[in-house]
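Asker: got a predicted structure here, sequence first:
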Amino acid sequence: MGTQEPVGGARARVELTDVVLGWGRSSTVRLGRYFSSDSRSEDADDPAASSGRLCAVKLLHPSWCYEHKDRVVREIEHLCELSVWGHPFIVRMLDVELLPGGLALIMEYQEGVQTLDKLQETHGGRLPQSVARELFQQLMIAMEFCHRIGLSNRDCKITDLLVRVCPSSGDVRLQLADFSFAKDADKDEDSNPMAQHGSALFAAPEVITASHAARYAGAKADIWSCGVVLCTLLFGCHPHLAAADLDAAPGDQILLILQNAVAGRIMVPREEAAAQPEAYALMAAMLTVNPAARPDATAVLGHPWMRAGLGSGAAPELAELNSGLLADGRLRAEAAARGAEVRGRVAGLLDSLLGVAAARRR
């Protein structure tokens, strides 16, 4: 474990462990402990405060920040605004700091959290219908909230969904965790999505075929991605890959998925669909090729399959959670103010990071 002091000041301190929670082209995510400035001053005599708060540190690589500076600023601004709302199904960002290894997004973390694909593996590749429905309702509540504030995620996939199973009750809690490609239709420049962002396995047909001359609705593309998630949870397969093609080379499988998605061919075995007709009907509606004909997130939440048999972790009254949060004008104003403040701060941090990186190259 090593203590990482912020570059350019001691506003906060992060201790990074050797535990790697995830990695990718843009970043590495490591387990750490976060010591806020408040915990060091006001709570200096509190043992819990002095030991720091468990966190996940998403360390954005300098090269990624250099290539995608505007996108990085936008991602952090969205995370900051969403964190103000305190939505239970959206992960919170605690702070952002410049560390020697890159720009650190300090995120909340709870022991026992795993990505949704890992939970699937423990159930043999598919989840019991009751568990799948409970988790999917939580995902759609989070997605509906984002859409109602004008934010489209544009990269929803099972590896970006965090799940925790309560050891005592067995209740499950899901959180939407990644907003790397998110866009706000009201304020982001070039706000109408056009680019082919996100995972190809979860991409809507209009994203697959996107060109700079054709714009698409980011929220409707999210609905498609969520439909793919639903299929993997319930049926343990990708909706656009037939069982007979599972032995094909990975590149050929991706090509088949893209071809079937654009053509609107759903490859779930007939007997599987017949065993869960309501769930299959919802999934098929979400995977409608024409985005205008897809249901929106509110309609998905109102589907009969979504309203039945809900567990205590996602009780029916949570369907009203979003309306309750959005009715709070104070939170709306605070989210906007915090987002604007962090945008300026992060732009300055990135200038410092890229300046240091340039000096090292010389």
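Answerer: It's in.

Asker: what comes up buried for the longest helix anywhere in the chain?
Answerer: Counting by DSSP state H, the longest helix found in the chain is helix 329-361. Buried residues in helix 329-361, defined by neighbour count with 16 or more other Cβ atoms under 10 Å: 332, 335, 339, 342, 346, 349-350, 353. C-betas here are computed from N, CA, C, even on glycine.

Asker: would you reformat the residues you listed as JSON lines and include distance to L127 and pLDDT?
Answerer: JSON lines is the format used below for those (distance: Cβ to Cβ, whole Å; pLDDT from 0 to 100):
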{"residue": "R332", "distance to L127": "35", "pLDDT": "90"}
{"residue": "A335", "distance to L127": "33", "pLDDT": "93"}
{"residue": "G339", "distance to L127": "35", "pLDDT": "89"}
{"residue": "V342", "distance to L127": "36", "pLDDT": "90"}
{"residue": "V346", "distance to L127": "37", "pLDDT": "90"}
{"residue": "L349", "distance to L127": "40", "pLDDT": "89"}
{"residue": "L350", "distance to L127": "40", "pLDDT": "89"}
{"residue": "L353", "distance to L127": "41", "pLDDT": "82"}
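
Asker: and these as CSV, adding distance to P205?
Answerer: Formatted as CSV, these follow (distance: Cβ to Cβ, whole Å):
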residue, distance to P205
R332, 34
A335, 33
G339, 32
V342, 35
V346, 34
L349, 38
L350, 35
L353, 38
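
Asker: tell me the one among those residues nearest to V14.
Answerer: Of all the buried residues of helix 329-361, V14 sits closest to L349, with 14.1 Å by Cβ to Cβ.

Asker: in contact with the closest one, which residues?
Answerer: 96-98, 103 (Cβ atoms under 8 Å, 6 or more residues apart in numbering).

Asker: now list the buried members of these.
Answerer: For these, a neighbour count by 16+ other Cβ under 10 Å gives the buried set as 96-98, 103.

Asker: and which of those residues is nearest D328?
Answerer: The closest of those, once distances to D328 are taken by Cβ to Cβ, is V96, at 24.4 Å.

Asker: quick check, that closest one in contact with I106.
Answerer: Yes - the criterion here is Cβ atoms under 8 Å, and V96 meets it with I106 at 6.7 Å.

Asker: ok, A142 - how many residues close by?
Answerer: A142 has 26 neighbouring residues, counting by other Cβ atoms under 10 Å.

Asker: and if you look at R154?
Answerer: Using other Cβ under 10 Å, R154 is surrounded by 23 other residues.

Asker: helix or strand: which one has the nearest residue to it once chain neighbours are set aside?
Answerer: Nearest in space to R154, with sequence neighbours left out and distances taken as Cβ to Cβ, 6 or more residues apart in numbering, is F181 at 4.3 Å. Taking DSSP states H and E as the definition, one finds F181 inside no helix or strand.

Asker: measure F181 to L98 for me?
Answerer: Separation of F181 from L98 (Cβ to Cβ, to the nearest Å): 23 Å.

Asker: if we can go back for a sec, now, among the buried ones among the contacts of L349, which is nearest to V14?
Answerer: E97 (6.6 Å).

Asker: what sits opposite the closest one in the beta ladder?
Answerer: Applying DSSP bridges to E97 gives these bridge partners: A104.

Asker: quick one: it and I223, what's the gap?
Answerer: Distance, E97 to I223, using Cβ to Cβ: 35 Å.

Asker: go on, H123?
Answerer: Distance of H123 to I223, computed by Cβ to Cβ: 25 Å.

Asker: looking at these two, which is more packed in?
Answerer: A direct count of neighbours by other Cβ under 10 Å for H123 and I223 places I223 higher, at 26 against 13.

Asker: I'd say the more buried one and A293 touch.
Answerer: No - I223 lies out of contact with A293 (Cβ under 8 Å); the separation is 10.7 Å.
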